[in-house]
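> Sequence below, structure please.
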Amino acid sequence: LAEAGAAYPGHDLRQGTKVTGLVEEDGRVAGVRYRTADGEERELRARPVVGADGRYSKTRELSGLAYDKQPLERDVVWLRMPRPDGWQRACYRIRLQGARHGLFIPTHPDDIRIGFNIPKGGLKELRKGGIEQLHRRIDEIAPELSDGLRESVTGWSGTTVLDIFTVATPQWSRPGLTLMGDAAHTLTPILGQGVNHALIDGHTLAGLLDRPLRATGRRGDELIQTATLRFQHQREQAVRISRGLQMRQEKAFTYGNQLAVAGRSTLYRVMNRSRYLQKRVLCSAYFQLQPELAR
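The predicted structure follows:
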């Protein structure tokens, strides 16, 4: 960011800081208050302020914008290990065993990230069995990873737990401020959609703000506000499609009934073998690919 931003006048990257409040003037957000690493309180003016601070967004809390937070029935334990021999670099895997599931996501440079579900707040119970209990959980759904997993993840410090919830913010902006990415629309880990939407949000918002930021005074403020409203209008439907797909998957992943599990397995096998269904169901959400462009 520092290197890329150096080409733009006024670019300033401040690391080790924490936003503590919003600066408001005449009903508009005009900047942020923040604390430096050494505890000094400062202000930074900006038009506009963009909250891109993720699923636990401080900016969202400070903004006063209404939102709906929906906890789900599971948490996910994440860990990382080298990609095993025989696994394709670009293949995203989901392994299912009754109501248990694991996500296996290719990660730069040549690793995989593994996420597996536990009951909400169930980490304490899992840790009672020591790190070997975690190893056994992965063995159940991906036994071919057994040796590499034990070499790579030798303690709980090599894991993180993600509290699974979604957030829907009906209005992403107010005068002088807009939210983007997980700050505006928190998604679940299913299909890795959060980061994809955040990247597309950034690309879309930057394009819409380019000309308004060149204008000054009240006219410039009005153009910026119009741009942030257009931003939500352009992005909201795509996020809604992904959220709907994710919530159906979340429900399917909790099936424990034998008949329901058999139906889910049949559906996934059919999907895995049908290029037409993959395009039809996934392309509108995953990376927002158009079917005629997908390969």
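
> for this structure, what spans make up the helices?
In the chain, the helices defined using DSSP state H lie at 2-5, 58-63, 123-127, 131-141, 146-152, 193-209, 217-253, 258-273, 275-282.

> between the ones you listed, which one is nearest to Arg35?
With CB to CB as the criterion, Arg35 lies closest to helix 58-63 of the helices of the chain, at 11.6 Å. Backbone N, C-alpha and C define where each C-beta goes, glycine included.

> What would that closest one look like as PDB? C-alpha coordinates only.
C-alpha atoms of helix 58-63 as PDB (Å, rounded to 0.1, in the frame of the first residue of the first chain):
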ATOM      1  CA  LYS A  58     -15.600  -0.300  14.700                       C
ATOM      2  CA  THR A  59     -16.600   2.200  12.000                       C
ATOM      3  CA  ARG A  60     -20.000   0.400  11.700                       C
ATOM      4  CA  GLU A  61     -20.500   0.700  15.400                       C
ATOM      5  CA  LEU A  62     -19.600   4.400  15.500                       C
ATOM      6  CA  SER A  63     -21.600   5.300  12.400                       C
END
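
> which residues touch it?
The contact list for helix 58-63 (CB atoms under 8 Å, 6 or more residues apart in numbering) reads 18-19, 21-22, 29, 49, 51, 53, 67, 167, 169, 174, 177, 179, 183-184.

> and what of stretch 263-275?
94, 96, 252, 255, 277-278, 281.

> Could you give the average pLDDT over that stretch?
Averaged across stretch 263-275, pLDDT comes to 85.

> got any ranges where the chain has weak pLDDT?
282, 284-295 (pLDDT under 70).

> Which among the contacts of stretch 263-275 count as buried?
For the contacts of stretch 263-275, a burial check counting by 16 or more other CB atoms under 10 Å picks out 94, 96, 252, 255.

> Among the residues you listed, which ones are in strands?
Among the buried ones among the contacts of stretch 263-275, the members found in strands (DSSP state E) are 94, 96.

> if we can go back for a sec, name the nearest of the contacts of stretch 263-275 relative to Asp210.
Distances from Asp210 to the contacts of stretch 263-275, taken by CB to CB, are shortest for Val281, at 34.4 Å.

> What distance do you get for the closest one to Ala37?
47 Å (CB to CB, to the nearest Å).

> What of Arg214?
Distance from Arg214 to Ala37, counting by CB to CB: 34 Å.

> What of Lys128?
37 Å.

> And Gly31, how close does it get to Glu43?
Distance, Gly31 to Glu43, using CB to CB: 6 Å.
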